[in-house]
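Chemist: Show me the folded form of this:
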Amino acid sequence: MWKEQVMQVLERHFGTGKEITEASHFIDDLDGDDFDIVDVTDQVCKKLEINIPEEDTFNIETVQDLLNEVEKNIVQ
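Modeler: Numbers count the residues shown, from 1 in each chain. Okay, here's the model as predicted:
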């Protein structure tokens with residue numbers, strides 16, 4: 001369920017006209033930038049009520065990277 005919530009945040013942020021998959025690169029595929037990665041990560045954290053340490057966001061380049069960080073920090 002949390003993966004769907006992450007994808008909803010991404011669709012809202014980048015638009016539904018883009019194909020967003022786990023392999024999507026935020027900059028190359030979604031035309032985002034470093035600020036988009038930080039913003040999306042913040043939105044996901046608020047939605048899921050988790051905290052991803054700032055230093056861990058520096059390694060996020062793809063949707064899968066974001067999903068991995070969420071999975072590490074989510075309370076199940």
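
Chemist: Nearest the geometric middle of the chain, what residue?
Modeler: residue 66 (4.5 Å; Cα atoms, centre = their mean).

Chemist: List the contacts of it.
Modeler: Residues counted as contacts of residue 66 (Cβ atoms under 8 Å, 6 or more residues apart in numbering) are 6, 37, 40-41, 44, 60. Every C-beta, even on glycine, is put in place using the N, C-alpha and C of the backbone.

Chemist: now, the most widely separated pair of those residues?
Modeler: 6 and 37 (13.0 Å; Cβ to Cβ).

Chemist: contacting residues around the helix or strand hosting residue 55?
Modeler: According to DSSP states H and E, residue 55 maps onto helix 54-57. Under the criterion Cβ under 8 Å, 6+ apart, residues 37-38, 41, 69, 72 lie in contact with helix 54-57.

Chemist: can you put these in a markdown table and add pLDDT, secondary structure and distance to residue 18?
Modeler: Putting the contacts of helix 54-57 into a markdown table (pLDDT from 0 to 100; DSSP: H, G, I helix; E, B strand; the rest coil; distance: Cβ to Cβ, whole Å) gives the following:
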| residue | pLDDT | secondary structure | distance to residue 18 |
| --- | --- | --- | --- |
| 37 | 96 | helix | 15 |
| 38 | 95 | helix | 19 |
| 41 | 97 | helix | 18 |
| 69 | 96 | helix | 21 |
| 72 | 93 | helix | 26 |
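
Chemist: Report the two of the residues you listed separated the most.
Modeler: Maximum distance among these (Cβ to Cβ): 17.6 Å, for 38 and 72.
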